[in-house]
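>>> would you be able to build a 3D model of this:
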Amino acid sequence: MAERIPVLIVAGFLGSGKTTLLNHLLRAAGDTRIGVVVNDFGAVNIDAMLVAGQVDAMVSLGNGCVCCAVDLGELDEMFTRLTESRHAVDVIVVEASGLAEPRNLVRMVIGSANARIRYGGLVEVVDAEQFPATSARHPELLTHLRLADLVVLNKIDRAPDADAVRARIAETVGQVPIHATTHGRVAPGLLFDEPVRRPQDGPEQLSFDALLAEPCADLPHTHLHDEYRSIAFHSERPLDPRALVAFLEDPPDGLFRAKGVAAVAVAGERRKWTFHLVGRHVAVEPVPWTRGEHRATDIVLIGTGLDEAALRARLATTEHTGEPLGEEALLGLWRYTPEPV
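Down below sits the predicted model:
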């Protein structure tokens with residue numbers, strides 16, 4: 001089965017920097033093709049105008065926020081259009097209106113009938129400078145933060161007491177990673193797979209993507225943002241699926257995404273178990289090993305502030321060295337496999 005396309009939701013209150021973040025992703029994505037669903041609250045879709053021409057496939061939603069104006073069937077229609085093979089889209093980004101309800105958006109994506117997509121996470125963008133006033137005026141913001149898989153603390157350079165703002169958000173969200181930045185600059189590799197290099201049919205020409213990738217001279221060069229890390233784990237030993245599930249259900253602090261292929265220590269098991277972790281959402285799928293494929297476990301973990309030594313030590317505890325386990329050890333993994341469509 002083809003790899004499912006992740007659908008990333010970018011939410012946040014008005015003025016938090018969602019469109020700035022989206023435009024940065026479009027400029028920095030290289031050969032990765034991004035399909036975008038943009039909606040703006042009002043008759044004139046200003047956000048769509050801002051990103052027009054910088055994306056391979058875009059569906060513009062007007063007349064209100066997506067969670068109110070578009071039902072699940074209509075949103076699925078949007079996903080169907082974006083996942084057509086002619087677009088060759090690698091990731092879909094849904095930029096929500098500043099008035100949208102994130103919980104409904106997440107439910108729409110997870111509940112989609114489109115077998116070609118999977119949930120790619122909820123990114124909640126926060127204006128660090130305005131957070132104290134905004135959270136006092138709109139206490140629902142704290143509820144939105146608790147739903148997030150990743151909090152992007154934007155405009156960190158303009159916050160008078162950035163450390164206090166970050167500490168309050170951390171107290172609210174617990175283990176959810178917080179990525180502090182300026183000007184919406186978030187590396188695409190934190191949110192979705194690194195850019196892929198596509199074959200060229202002929203001589204390569206300078207594209208608009210290349211022009212947009214030119215650095216902006218007016219951006220400050222101070223490093224006020226967090227760095228994300230990508231850590232690879234390889235094991236020649238099969239894993240105990242119960243221990244793997246325990247790891248996925250209780251991920252370490254700062255981990256936003258994990259993906260991998262696991263060989264499991266279950267008697268007679270002839271499949272590899274592919275999995276994706278985004279925030280606290282887990283998706284697992286058993287796939288046959290291809291002929292001649294080396295049967296080992298490979299996992300990539302991506303996040304901010306990761307403790308690599310502790311992470312590797314914890315993953316090492318998932319390795320199984322005893323007698324093969326019975327099929328009942330797979331029950332935890334089966335809980336996270338998608339229902340047949």
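>>> any low-confidence regions in the protein?
For the chain, the stretches with pLDDT under 70 are 1, 40-46, 49, 52-53, 62-73, 99, 194-225, 339-341.
>>> what about the longest strand in it?
Taking residue count as the measure and DSSP state E as the definition, the longest strand of the chain comes out as strand 117-127.
>>> what's the local residue count around His234?
10 (other Cβ atoms under 10 Å). For glycine as for every other residue, the C-beta is placed from the backbone atoms N, C-alpha and C.
>>> ok, it - contacts?
Contacts were defined as Cβ atoms under 8 Å, 6 or more residues apart in numbering; by that measure His234 touches 296-299.
>>> surely Ser235 and Thr321 touch.
No - under the criterion of Cβ atoms under 8 Å, Ser235 makes no contact with Thr321, lying 11.1 Å away.
>>> these two: which is more packed in?
For Ser235 versus Thr321, neighbours defined as other Cβ under 10 Å are more numerous around Ser235 (17 against 8).
>>> which residue is the nearest non-sequential neighbour of the more buried one?
Once its chain neighbours are removed from consideration, Ser235 has its nearest residue in Thr297; the separation is 4.4 Å (Cβ to Cβ, 6 or more residues apart in numbering).
>>> from what I see, that neighbour and Ala265 are in contact.
No - applying Cβ under 8 Å as the test, Thr297 and Ala265 come out as separate, 10.4 Å apart.
>>> for Phe131, give its distance to Glu124.
When distance is defined by Cβ to Cβ, to the nearest Å, Phe131 is 11 Å away from Glu124.
>>> more neighbours, these two?
Using other Cβ under 10 Å, the more surrounded residue of Phe131 and Glu124 is Glu124, with 28 against 24.
>>> quick check: bridge partners of that one?
Partner residues in beta bridges with Glu124: Ala11, Val151, with DSSP bridges as the criterion.
>>> in stretch 264-282, which residues are buried?
Along stretch 264-282, the positions that meet the burial threshold by neighbour count (16 or more other Cβ atoms under 10 Å) are 264-266, 269, 272-279, 281-282.
>>> about what we covered before: got the buried residues for the longest strand of the chain?
Burial within strand 117-127, assessed by neighbour count using 16+ other Cβ under 10 Å, is assigned to 117-127.
>>> same deal with stretch 320-331?
Burial within stretch 320-331, assessed by neighbour count using 16+ other Cβ under 10 Å, is assigned to 320, 325, 329-330.
>>> adding secondary structure and distance to Leu248, write those out as JSON lines.
What follows is the buried residues of stretch 320-331, written out as JSON lines (DSSP: H, G, I helix; E, B strand; the rest coil; distance: Cβ to Cβ, whole Å):
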{"residue": "His320", "secondary structure": "coil", "distance to Leu248": "16"}
{"residue": "Leu325", "secondary structure": "strand", "distance to Leu248": "17"}
{"residue": "Ala329", "secondary structure": "helix", "distance to Leu248": "15"}
{"residue": "Leu330", "secondary structure": "helix", "distance to Leu248": "14"}
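>>> I'd like the residues you listed as JSON lines, with distance to Gly15 appended.
Formatted as JSON lines, the entries for these read as follows, by distance: Cβ to Cβ, whole Å:
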{"residue": "His320", "distance to Gly15": "51"}
{"residue": "Leu325", "distance to Gly15": "53"}
{"residue": "Ala329", "distance to Gly15": "50"}
{"residue": "Leu330", "distance to Gly15": "48"}
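>>> pick out whichever of those residues sits closest to Met58.
Nearest to Met58 among the buried residues of stretch 320-331 is Leu330, at 41.1 Å by Cβ to Cβ.
>>> residue contacts, that closest one?
241, 264, 266, 269.
>>> how near is it to His183?
Taking Cβ to Cβ as the criterion, Leu330 is separated from His183 by 46 Å.
>>> for Leu50, same thing?
The spacing between Leu50 and His183, counted by Cβ to Cβ, is 14 Å.
>>> do Leu153 as well
If you go by Cβ to Cβ, the gap between Leu153 and His183 works out to 13 Å.
>>> of those two, which one has the most company?
For the pair Leu153 and His183, the greater number of neighbours falls to Leu153 (25 against 19), based on other Cβ under 10 Å.
>>> next one: phi and psi at that one?
According to degrees, to the nearest 10, the main-chain angles of Leu153 amount to phi -90, psi 90.
>>> chain neighbours aside, what residue packs nearest to it?
Across the structure, with Cβ to Cβ, 6+ apart as the measure, the residue nearest Leu153 apart from its sequence neighbours is Ala180 (4.4 Å).
>>> wait, the one you found touches Val165, no?
No - when contacts are counted by Cβ under 8 Å, Ala180 is not listed as touching Val165 (9.3 Å).
>>> what are the buried residues along the following helix or strand past the longest strand of the chain?
Read in the C-terminal direction, the helix or strand following strand 117-127 is helix 131-137, with elements assigned using DSSP states H and E. Of the residues in helix 131-137, those scored as buried under the neighbour-count criterion (16+ other Cβ under 10 Å) are 131, 134-135.
>>> for helix 131-137, give me every contacting residue.
In this structure, residues lying in contact with helix 131-137 by Cβ under 8 Å, 6+ apart are 13, 127, 141-142, 159, 165, 168-169.
>>> what's the following helix or strand after that helix?
Towards the C-terminus, the helix or strand next in line after helix 131-137, according to DSSP H and E, is helix 140-147.
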